[in-house]
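*Asks:* I'll drop the sequence and a predicted model, then ask my questions.
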Amino acid sequence: MGSSPAATELAIATVVAANHLARARVLAASLRRWHPDLSLVLLLMDEPAGRFDPAGEPFEVLRLADLPRTDDLLALAFRYGRRGASAAAKPRLVGHLLERGHPGVLFLDPDTVVTGDLTPVLDAVRGSALVLTPHLVSPARGDGARARELAIARSGILNAGVVGVHAGPVAEAFLEWWSERLLTHCVSDPAEGMHMDQRWLDLAPVLFGDVRLLRDPGVNVAYWNITERPVRIEGAQITVGGSPCRIVHASGYDAASPEILSQYAPAMRTAESGAAGLLADRYQRALLACGDAVARHWSWAFDRWADGVLIPPVAREAHRALGPAAARFGDPFAVGPGSFRTWLASSGTVI
Amino acid sequence: MTAGALRYAVATICAGARLPMARVIAASARRCNPEVPCFVLLADEPGPGVDPEAEPFELMVASQLGLPHFRRMAFRCEREELSYALTPHLLRRLLDREDLDAVVFLKQETLVVGDLEAVAGPLRAAGVVLTPHLLAPLRGPDAVARELVICRAGIYNGGVIGVADRDPGPAFLDWWADRIGDSCVLDIAAGLHYEQRWLDHVPALFDGVHVLKDVGVNVGHWNMRERQVQVAGDTVLVDGVPGSVVRFSGYEPERPERATKYQDHPTIAEIGGAAAVFERYRAELLAAGHHAAAAAPYAYGCFADGVPIPALARELHRELGPGAEAFGDPFVPGPGTFRAWLEAPIGTGAAPSISRLWDAVWRRRADLQAAFPDHLGADGHAFSAWRESFGRDEHQIADGL
């Protein structure tokens, strides 16, 4: 428990703030069920603050200070808030694990669950510099088909919740590019062509060589594609449209609102979703068994400046808008003469 | 498909005013690939100056394709949008021909400078060939901004597309035609950039899509600062190798100092050796009758009585969705038509009558709502005065409406 996986193996990686810790625990348990030889490495975009013991978790916990360029990670935490900071840190975590010697990394969002054999996914990561997974692998069907495809066009053709990277020059170039874009442009603004970390990935297959689109219907099974991939549960086997279901992505699922499959698709009622609804119910039970009811209320270490003052969104956006120029202030959470906050107050921004 | 050589054609689509562009495509393609036929779909009706027999291509006319809702499509789209929206329909019909295995589509503002095998070749194995705008991460201070332009417009360029009569070619075209439907608009926040952004889905949705990473294809203003273009006799070298397709999206021969109307940069002065290709393109366009054709009337620009169709009327027809069917042919004026619906007075009749069209103008503008809060009543005279003094110019709405 909690130890580093051998650096000669593929690493499975995720990023969370403490309020989503239960999700990471469920992911780790699901990974162990199918691949006891693989272990999960987690970047904590937060502080344990005595609420849990990192050494007692079923994954290795990395802290911001364990990664290079901790100053950049603090800038991400300041600029993007809790959700965005975890998204923007992905390439930095993956890059760090490759530097540590892992031949490849499979990044999984903390709200994914391993539900089957990952061998084809792992083989893809071993065989290509980048493995990216589309939201849809066939045209959407049904009355809402066009609207659903448009929603995906706005948020990204490729999903940033399952990303494979194999060490080498392409991976290095890709991670450098993605990190650099996310340092200043990890926001949701479809009219500007951005959706967090994700829409940037749509450029990756054309900007970089050796990118594999993994069009396996069993990967990234989520509210956005179960219309095309009907879920079936047969004992321990879960299938989607007849294929093994390997990775479910419970995007937008909230154990406190179990009646819907995703807060992003409130019309999809759990009770009316057949086997997908049963999977959601299982996920809820697993989250609760892993302490979600308590952890979900945990505050975020980067909510406040060093003196305890709550950071308003306008201050976060102002820091982002400064871009590289913000570096002159150093730690954005610091207060006092020469700090970002002092500059912001002097610029007339009401904080 | 038959065994042996790949029988492919070049195809493009334009309105009558842009026929010189089609002539340049056909003539330049013939220089490089003399055996390849060229088809041009006229998204318009042929004017008196057009003699199909004299053109260097086979002319097809959009209204003759047998599209079930062509009149509606022609009404809902602006002129260029109609050309874009017809792309999958034209390609589908060409693939249905017994004498063709594949088609290389080139959007109207294009010059062929080398062997089209570069695009057609992959169609021996793939059903669809797509060409990205960019092939490497951008550098420099405006790198992020330029990459975001591409994210908004589409990763793949709708200006060079290859399709073959093999999976997934026809299925892709049917899907694309369905998704474009009869409204081909720019609405980035909604995920739309005319017909183009739909292409971003294609490598994910279909098996057998070839993404062509060839620096000599789709050389355009969006990548010219990264690609070194050199003219050497009849050959255009791109990064030292012979190029095949150069695009002139947004180029206007009347403004030869500007590479595109869509972006401030690059200017012609900023594109190095590519400037010579622009100059060649401009000369060919002018020789093909650019100035004379530019004034050609557009068949779908006016109602049947000659009153110009304002953009807002097209938009309102789109918004009616299937409900517009009850009006019949949207171009026809008269009782019970869409035109009559637009002109119908709104309100009580106490004040000067305000038509549904002008009420729609008011509803779209917060400034008008603030200035004339009771536009159907007490502010009716003032609103009517604004309409006649400014409104018609600002919204390009003719006196008859």
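*Replies:* That came through, no problem. Numbers count the residues shown, from 1 in each chain, chains lettered A, B, ... in the order given.

*Asks:* contacts, neighbours, all on C-alpha from now
*Replies:* Will do.

*Asks:* could you pull out the buried residues of the lengthiest helix in chain A?
*Replies:* For chain A, the helix that runs over the most residues, judged by DSSP state H, is helix A:70-99. Buried residues in helix A:70-99, defined by neighbour count with 16 or more other C-alpha atoms under 10 Å in any protein chain shown: A:71-82, A:84-95, A:97-98.

*Asks:* and for stretch B:47-66?
*Replies:* Applying 16+ other C-alpha under 10 Å to stretch B:47-66 flags B:56-57, B:59-60, B:62-63 as buried.

*Asks:* my guess is B:L94 contacts B:L100. True?
*Replies:* Yes: judged on C-alpha atoms under 8 Å, B:L94 makes contact with B:L100 at a distance of 7.1 Å.

*Asks:* so which of these two has more stuff around it?
*Replies:* Shown here are B:L94 and B:L100; by other C-alpha atoms under 10 Å in any protein chain shown, B:L94 has more neighbours (23 against 18).

*Asks:* Three-state assignment for that one, please.
*Replies:* Three-state call for B:L94 (DSSP: H, G, I helix; E, B strand; the rest coil): helix.

*Asks:* need the contact list for it.
*Replies:* B:100, B:103 (C-alpha atoms under 8 Å, 6 or more residues apart in numbering or on different chains).

*Asks:* which strands or helices does the longest helix of chain A pack on?
*Replies:* strand A:11-16, strand A:104-108, helix A:169-184, helix A:313-322 (3 or more C-alpha pairs under 8 Å, 6 or more residues apart in numbering or on different chains; DSSP states H and E).

*Asks:* so for A:A275, which of those sits nearest?
*Replies:* Nearest of the helices and strands packed on helix A:70-99 to A:A275, taken as C-alpha to C-alpha: strand A:104-108 at 22.7 Å.

*Asks:* mind listing the helices for the stretch 201-350 of chain B?
*Replies:* B:202-205, B:274-287, B:290-294, B:311-320, B:338-343 (DSSP state H, counting those that start in this stretch).

*Asks:* how near is A:R296 to chain B?
*Replies:* 32 Å (C-alpha to the nearest C-alpha, to the nearest Å).

*Asks:* can you report how many residues neighbour the closest residue to A:R296 other than its chain neighbours?
*Replies:* Leaving aside its chain neighbours, A:R296 sits nearest to A:N19 (4.4 Å; criterion: C-alpha to C-alpha, 6 or more residues apart in numbering or on different chains). Residues near A:N19, counting by other C-alpha under 10 Å, number 18.

*Asks:* my read is A:N19 is in a helix, agree?
*Replies:* Yes: looking at A:N19 with three-state DSSP, it is inside a helix.

*Asks:* isn't it up against A:S299?
*Replies:* Yes: A:N19 is within contact range of A:S299, at 7.1 Å (criterion: C-alpha under 8 Å).

*Asks:* where exactly do the strands run in the stretch 101-250 of chain A?
*Replies:* Assigned by DSSP state E, counting those that start in this stretch, the stretch 101-250 of chain A shows strands spanning A:104-108, A:112-114, A:130-134, A:158-166, A:188-189, A:194-195, A:211-213, A:219-221, A:231-234, A:237-240, A:243-244, A:247-249.

*Asks:* got TSV for the ones you listed, with mean neighbour count too?
*Replies:* As requested, those are exported to TSV (neighbours: other C-alpha atoms under 10 Å in any protein chain shown):
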stretch	mean neighbour count
strand A:104-108	26
strand A:112-114	24
strand A:130-134	25
strand A:158-166	25
strand A:188-189	16
strand A:194-195	20
strand A:211-213	19
strand A:219-221	27
strand A:231-234	17
strand A:237-240	18
strand A:243-244	18
strand A:247-249	22
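
*Asks:* of these, which is nearest chain B?
*Replies:* strand A:130-134 (5.8 Å; C-alpha to the nearest C-alpha).

*Asks:* put the alpha carbons of the closest one into PDB.
*Replies:* Output of strand A:130-134 as PDB, limited to C-alpha atoms (Å, rounded to 0.1, in the frame of the first residue of the first chain):
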ATOM      1  CA  LEU A 130       0.100   8.800 -27.700                       C
ATOM      2  CA  VAL A 131      -3.200   7.000 -27.200                       C
ATOM      3  CA  LEU A 132      -6.300   9.200 -27.300                       C
ATOM      4  CA  THR A 133      -9.900   8.100 -26.900                       C
ATOM      5  CA  PRO A 134     -12.900   9.700 -28.700                       C
END
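
*Asks:* residues from chain B in reach of chain A?
*Replies:* By C-alpha under 8 Å from any C-alpha of the partner chain, the part of chain B that sits against chain A consists of B:132, B:134-137, B:144, B:148-149, B:151-152, B:155, B:175, B:179, B:188-192, B:197-198, B:200-201, B:204-206, B:211, B:213.

*Asks:* ok so, going back, is it possible to export the strands of the stretch 101-250 of chain A to JSON lines including distance to chain B and mean pLDDT?
*Replies:* Shown next, in JSON lines, are these (distance: least, C-alpha to the nearest C-alpha, whole Å; pLDDT from 0 to 100):
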{"stretch": "strand A:104-108", "distance to chain B": "20", "mean pLDDT": "98"}
{"stretch": "strand A:112-114", "distance to chain B": "21", "mean pLDDT": "98"}
{"stretch": "strand A:130-134", "distance to chain B": "6", "mean pLDDT": "98"}
{"stretch": "strand A:158-166", "distance to chain B": "8", "mean pLDDT": "98"}
{"stretch": "strand A:188-189", "distance to chain B": "8", "mean pLDDT": "96"}
{"stretch": "strand A:194-195", "distance to chain B": "7", "mean pLDDT": "98"}
{"stretch": "strand A:211-213", "distance to chain B": "7", "mean pLDDT": "98"}
{"stretch": "strand A:219-221", "distance to chain B": "13", "mean pLDDT": "98"}
{"stretch": "strand A:231-234", "distance to chain B": "19", "mean pLDDT": "96"}
{"stretch": "strand A:237-240", "distance to chain B": "17", "mean pLDDT": "96"}
{"stretch": "strand A:243-244", "distance to chain B": "17", "mean pLDDT": "96"}
{"stretch": "strand A:247-249", "distance to chain B": "18", "mean pLDDT": "98"}
